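K.L.:
The amino acid sequence is not available; the structure is as follows:
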């Protein structure tokens, strides 16, 4: 069977599954999550063996260290996956929710009801846990799912899909609700993007080049997640202890994720405190790139060039700049941000309001780490991505965002004059 035929067959099966999923009972979903939780736990060693093969291939292919970090699965990762399954299971069911009710003067009664999108196509690169999160969120929202993991995570994703399929079959769910494209051939992605007769939404997770390609080629609506060029701004009225903690966590908790801070902006009124703010990063092994003033603070700091302000490092590197108050921070962020996540450290509510109102990013934090840009931390159980779009969803994409709606109109013999 050719690649085109294979992808077409996946599409047909997914569409048929999505029709059966529309009426899937909530109790069935709960049972499916419980089977999945148990099977992930019982088959952890098989997941680790598959992941070891992916890691060995990644090293042979000279994959960058941040991407290898994203790819790696450990016992701790598996514990996190199980926790995510449990959290999604506990989330309110988003299907069949009455969003609005109203009545017109002619007696017609209207209801707006949440329903599934249908078939989701999720294309991702080197993060295998997306396989579980996407599958669990798709099930929660009664959507069928076609997964296309990257070549780097192929063996791990394949093993996870095998466990998911087994678990959902044990729970008596319809066949083919979760499918994975069984090849790393890039032609498969190109064909998936044209299947608007089967697939309702494409959700890409990956680097800027992947998102750009998908956005240009897709005939299907795309929920985009562009790069996470996140900023932390330290205002002159900041609590410096809070600032140091937030800066360190924002950059170094997990530098390879999209919610990691890439640029630190410091109010010019705090120039004499700048080294104190930066030192914890430097002592933790973070490379410092800065403007002329920041460079002058330490011979080991590097001078930032124009490209640094628009670079998503995904590594232990940060660019730092002195700015003229909150206005200078707003100007810099509006020039360079990817509209993902920004944090301001300040004790002044009016300054925060100025920052919030003048920056058009999906997530704005006050006195908190940018690494809270995560569906789990928002209470969504998990996320399928962080949307930097404005339609149809923005910020962390949880199960309740993988829905649309339809209207029910109740009449009593009314006819329109």
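P.N.:
Ah, there it is. Keep in mind that this is a model prediction, so the values were computed, not measured.
K.L.:
which residue ranges form the helices in the stretch 1-150 of the chain?
P.N.:
Per DSSP state H, counting those that start in this stretch, the stretch 1-150 of the chain carries helices over the ranges 3-21, 26-42, 44-60, 65-71, 75-90, 129-140.
K.L.:
These: lowest mean pLDDT?
P.N.:
Among the helices of the stretch 1-150 of the chain, helix 65-71 carries the lowest mean pLDDT, at a mean of 84.
K.L.:
what helices or strands is that helix leaning on?
P.N.:
Packing partners of helix 65-71 (3 or more Cβ pairs under 8 Å, 6 or more residues apart in numbering; DSSP states H and E): helix 44-60. In short, each C-beta sits where N, CA and C put it, glycine included.
K.L.:
which parts of the helix it packs on are buried?
P.N.:
44, 47-48, 50-51, 54-55, 57-58 (16 or more other Cβ atoms under 10 Å).
K.L.:
Residues contacting it, please?
P.N.:
With contacts defined as Cβ atoms under 8 Å, 6 or more residues apart in numbering, helix 44-60 is touched by 40, 67-68, 71-75, 78, 126, 128, 152-156, 158-160, 163.
K.L.:
Buried by neighbour count, from these: which ones?
P.N.:
Among those, those classed as buried by 16+ other Cβ under 10 Å are 40, 67-68, 71-73, 78, 126, 128, 152-156, 158-160, 163.
K.L.:
and this structure, what are its domains?
P.N.:
Split into domains by automatic domain parsing, the chain comes to 3-223+397-410, 230-372.
K.L.:
Low-confidence regions, this structure specifically.
P.N.:
1, 226 (pLDDT under 70).
K.L.:
Try it again at 50.
P.N.:
Within the chain, no stretch falls below the threshold (pLDDT under 50).
K.L.:
rewinding a little: which one of the helices of the stretch 1-150 of the chain lies closest to residue 325?
P.N.:
helix 65-71 (33.1 Å; Cβ to Cβ).
K.L.:
now the domains of the chain as CSV including distance to residue 417?
P.N.:
Listed next are these as CSV, based on distance: least, Cβ to Cβ, whole Å:
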stretch, distance to residue 417
domain 3-223+397-410, 9
domain 230-372, 46
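K.L.:
Minimum distance to residue 384: which of these has it?
P.N.:
Here domain 3-223+397-410 is closest among these (Cβ to Cβ), at 4.7 Å.
K.L.:
Quick one: distance of that closest one to the chain centre.
P.N.:
How far domain 3-223+397-410 lies from its chain's middle: 12 Å, per Cα atoms, centre = their mean, to the nearest Å.
K.L.:
Check stretch 251-261 too.
P.N.:
For stretch 251-261 - counting by Cα atoms, centre = their mean - the centre lies 13 Å from the chain centre.
K.L.:
what about it, start to end distance?
P.N.:
5 Å (Cα to Cα, to the nearest Å).
K.L.:
and if you look at stretch 272-288?
P.N.:
End-to-end distance of stretch 272-288 (Cα to Cα): 17 Å.
K.L.:
Mind listing residues that contact it?
P.N.:
Contacts with stretch 272-288, where a contact means Cβ under 8 Å, 6+ apart, come from 234, 240, 243-244, 247-248, 251-252, 264, 266, 270, 293-294, 297-298, 300-302, 316-318, 320, 322.
K.L.:
List buried residues within those residues.
P.N.:
234, 243-244, 247-248, 251-252, 264, 266, 270, 294, 297, 301, 316-318, 320, 322.
K.L.:
excluding its backbone neighbours, what's nearest residue 188?
P.N.:
residue 181 (5.0 Å; Cβ to Cβ, 6 or more residues apart in numbering).
K.L.:
how close does the one you found get to residue 218?
P.N.:
As judged by Cβ to Cβ, to the nearest Å, residue 181 and residue 218 stand 15 Å apart.
K.L.:
check contacts around residue 24.
P.N.:
Shown here is residue 24, whose contacts under the criterion Cβ under 8 Å, 6+ apart are 142, 173-174.
K.L.:
Now do the strands in the stretch 101-250 of the chain.
P.N.:
Ranges of strands within the stretch 101-250 of the chain are 109-116, 119-124, 144-148, 178-180, 201-205, 230-234, based on DSSP state E, counting those that start in this stretch.
K.L.:
Let's have those strands in a markdown table, adding distance to residue 211.
P.N.:
Shown next, in a markdown table, are the strands of the stretch 101-250 of the chain (distance: least, Cβ to Cβ, whole Å):
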| stretch | distance to residue 211 |
| --- | --- |
| strand 109-116 | 24 |
| strand 119-124 | 9 |
| strand 144-148 | 14 |
| strand 178-180 | 21 |
| strand 201-205 | 5 |
| strand 230-234 | 16 |
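K.L.:
If anything else comes up later, I'll come back, but that's it for now.
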